[in-house]
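[1] A predicted structure for the sequence below; I have some questions about it.
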Amino acid sequence: MKKLILFDLDGTLLDTLEDLAEAVNHALSLRGLPVLTVDRYRKMVGHGVRNLVQQALEAAVSEAGDGAGKNFFLEGFPKNQFFPADSDADGAGKNYFSQGFAKNQFFPADAKRTADAGDGAEENYFLQSFAKNQFSSAEIDAALADFRAYYQEHIDVHTRPYAGIPELLSDLQEAGVQLAVTSNKFQEGTEYLIRRFFPDIQFVAILGNRPGYPLKPSPEIVQEVLRRVAEGPMAEENYFSEGFPKNQFSPAGAKLSLDDVLLVGDSPTDMRTAYNGGIEGLAVTWGYRSAEEISAAFPEGTSVRLVESVPALRIELLGFYVSEPFTTPPSTFETPLQRIIYETFASAGIPFSRVDTDPGITMEDCAHISARIGVQIVKTIFLCNRQQTEFYLYVTSHDKPFVTRDFCSALGIPRVSFASSERLWELTGVRVGATTILSAVWPAAAGVHLVMDAAIASSEWFACTDGTPTCFVTLQTRDLLDKYLSGKKVIIIA
């Protein structure tokens, strides 16, 4: 397990895109420019808000279209920003070509700049003229100020943590992992959002875009976190002076190997930051860059670790969770079937043990659980004939391939196939990933055939899901067959 994990903010811990988009669009609207869709901003975020505003200005100008020139010039730029001192601003739309500008001052070599451009010149100007960074620093700064003013008042209107992130951070903290935030978002916004959404998480550092510090992918932000961990909390930081004792997180002089450190982010910038800082990087794909975009940003053959969900990230960071065994039912039931199962255990006098787990969906997940409880989780398959008039719950070993021909031959029935998820829910009371023979007590399962491999039926212990993907039970196989399934026909096949 890593000892220190650095998290990116936007697109990793928090979904901030809609609030960012609305704030930048506000700045664009003030300049008479068209607003951009929220999705357009996905590839713009992550490089600091100044770069975000600049890219948005350039994108808006490029698609401004007819009529945009007049609004842009008359409303968006300071007087005389482009025109000579004696020019008439009101006539700018018609006359700015004849005001003495040098050739190619705005247009590329093949663009029209003759007198016949007339009233339509604005469109050509906007569609053809702006190269990257055409905006002056003053223009970008003015738009940035408008963005900041709006964003500071609307920073958390739509922003929310991704599902499961608060719990993951809490569990990492409880496990003794030190946590930090490394973002290209401006410092004040970074600090506010962290305190707003993760008030109980004691980060060793919350670092955003600050004057005099380079943005990611510079390794300096990684190095600063490592310095803070080694030196302990810095008293001058407001964050650490608001309720957290000095040296609560790491003893002064504590040392970490770079192998103990991980950076988690959603962009190529984050992964380059990790590489430049000499630490491991882990890219999440629920943020603002796709897996393809992240992988394509690196040379062919470069291995980039990707995770597609918060549960998958939890396993990467904490390992697959399996609780200590319980011999009592869950305190709350997730489904009606789960309640019936434990009521049946009680009424039949069947002792059992159970463990709570991360979602046990795949065979690899079940292998984690089996290793912890010391009993192999069985594989249960829900099948039906072509007419969907006959249904089968088939229990077999976890590593035995399912061969339709062999199954049908053993039962002397026509060919079967996997039944639909809808019929699974209707007839057994479970969703995909939680199929279990314990569904036999579900009222609608009365007509479902129960089939079990002889090797399973002869084993001492039986382990399976309790109808949910996050709880698994162990009981003696004889109790299952003789008590739980009493009065029900179970077909045993070789």
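    That came through fine. Numbering: from 1, shown residues only.

[2] CA atoms for contacts and neighbours, from now on please.
    Noted.

[3] Check which helices and strands the helix or strand where V61 lies sits against.
    If you go by DSSP states H and E, V61 is part of helix 49-62. For helix 49-62, the packing partners by 3 or more C-alpha pairs under 8 Å, 6 or more residues apart in numbering; DSSP states H and E come out as helix 17-30, helix 121-128, helix 137-153, strand 178-186.

[4] again, only using 6 Å
    Here helix 49-62 touches helix 121-128, going by 3 or more C-alpha pairs under 6 Å, 6 or more residues apart in numbering; DSSP states H and E.

[5] and the helix holding V61, C-alpha only, in CSV?
    Extracted in CSV, the C-alpha atoms of helix 49-62 (Å, rounded to 0.1, in the frame of the first residue of the first chain):
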residue,chain,number,x,y,z
VAL,A,49,-7.7,29.1,-15.3
ARG,A,50,-5.7,31.6,-17.3
ASN,A,51,-5.1,29.0,-20.0
LEU,A,52,-8.7,27.9,-19.8
VAL,A,53,-10.0,31.5,-20.4
GLN,A,54,-7.5,32.0,-23.2
GLN,A,55,-8.5,28.8,-25.0
ALA,A,56,-12.2,29.7,-24.6
LEU,A,57,-11.7,33.2,-26.1
GLU,A,58,-9.9,31.7,-29.1
ALA,A,59,-12.6,29.0,-29.5
ALA,A,60,-15.4,31.5,-29.2
VAL,A,61,-13.8,33.9,-31.7
SER,A,62,-13.2,31.1,-34.2
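
[6] between it and helix 137-153, how many degrees?
    Calculated by axes from the mean of the first three to the mean of the last three C-alpha atoms, to 10 degrees, helix 49-62 forms an angle of 110 degrees with helix 137-153.

[7] could you check the angle strand 178-186 makes with helix 49-62?
    40 degrees.

[8] which of the residues in helix 49-62 are buried?
    Counting neighbours by 16 or more other C-alpha atoms under 10 Å, one finds that the buried residues in helix 49-62 are 49-50, 52-62.

[9] just curious, which of those is nearest to K400?
    Closest approach to K400 among these (C-alpha to C-alpha): L52, at 53.7 Å.

[10] how close does the closest one get to R160?
    20 Å (C-alpha to C-alpha, to the nearest Å).

[11] Now name the helix or strand holding the closest residue to T190 other than its chain neighbours.
    Spatial nearest neighbour of T190, chain neighbours left out: G208 (5.9 Å); criterion: C-alpha to C-alpha, 6 or more residues apart in numbering. Using DSSP H and E, G208 maps to strand 205-209.

[12] Next, the angle from the helix or strand immediately after that strand in the chain to strand 178-186.
    Where DSSP H and E defines the elements, the next helix or strand beyond strand 205-209 is helix 220-231. Orientation check (the same axes, to 10 degrees): helix 220-231 against strand 178-186 gives 140 degrees.

[13] avg pLDDT for helix 220-231?
    Here helix 220-231 scores 94 as its mean pLDDT.

[14] Please compute how far that helix lies from its chain's middle.
    Relative to the centre of its chain, helix 220-231 is centred 26 Å away, using C-alpha atoms, centre = their mean, to the nearest Å.

[15] for stretch 32-47, same thing?
    Distance, centroid of stretch 32-47 to centroid of chain: 20 Å (C-alpha atoms, centre = their mean).

[16] pLDDT value on the closest residue to S29 other than its chain neighbours, please?
    Closest residue in space to S29, ignoring its immediate chain neighbours: V35 at 6.6 Å, by C-alpha to C-alpha, 6+ apart. We have a pLDDT of 93 for V35.

[17] likewise L169?
    97.

[18] Give me the residue ranges of this structure where confidence is low.
    65-133, 233-255, 300-302 (pLDDT under 70).

[19] where does the one residue sitting closest to the centre of it land in three-state SS?
    Compute the mean C-alpha point of the chain, and by C-alpha atoms, centre = their mean the closest residue is W286, 3.2 Å away. Of the three states, W286 takes coil according to DSSP: H, G, I helix; E, B strand; the rest coil.

[20] Look up how far Y321 lies from the closest residue to it other than its chain neighbours.
    Leaving aside its sequence neighbours, W286 sits nearest to E308 (C-alpha to C-alpha, 6+ apart; 6.3 Å). According to C-alpha to C-alpha, E308 and Y321 sit 18 Å apart.

[21] of the two, who's got more company?
    Neighbour totals were compared for E308 and Y321, and Y321 leads with 19 against 14 (other C-alpha atoms under 10 Å).

[22] Backbone dihedrals for that one, please?
    Y321 adopts backbone torsions of phi -80, psi 130, taken as degrees, to the nearest 10.

[23] ditto for the one 5 residues further on
    Main-chain dihedrals, F326, degrees, to the nearest 10: phi -120, psi 150.

[24] residue contacts, it?
    353-354 (C-alpha atoms under 6 Å, 6 or more residues apart in numbering).

[25] For it, give the beta-bridge partners.
    Judged by DSSP bridges, the bridge partners of F326 are R354.

[26] quick one: the strands in the stretch 201-350 of the chain?
    Secondary structure of the stretch 201-350 of the chain (DSSP state E, counting those that start in this stretch): strands at 205-209, 261-265, 280-284, 306-307.

[27] most packed of the ones you listed?
    Mean neighbour counts were compared across the strands of the stretch 201-350 of the chain using mean count of other C-alpha atoms under 10 Å; the top stretch is strand 261-265, at a mean of 25.

[28] hang on, the earlier thing: run the chain-centre distance for the helix holding V61.
    25 Å.

[29] what angle sits between that helix and helix 17-30?
    Using the same axes, to 10 degrees: helix 49-62 against helix 17-30 is 60 degrees.

[30] Got phi/psi on A297?
    The phi/psi pair for A297 (degrees, to the nearest 10) reads phi -80, psi 0.

[31] and the chain, what are its domains?
    4-10+159-318, 17-153, 336-493 (automatic domain parsing).

[32] Among those, which comes closest to T327?
    Closest among those, using C-alpha to C-alpha: domain 336-493, at 4.6 Å.

[33] Now do the end-to-end distance for that closest one.
    31 Å.

[34] Over to C384. Which of the three states is it?
    strand.

[35] didn't it look like it was pressed against R415?
    No - assessed by C-alpha atoms under 6 Å, C384 is found out of contact with R415, at 8.7 Å.

[36] Good, wrapping up.
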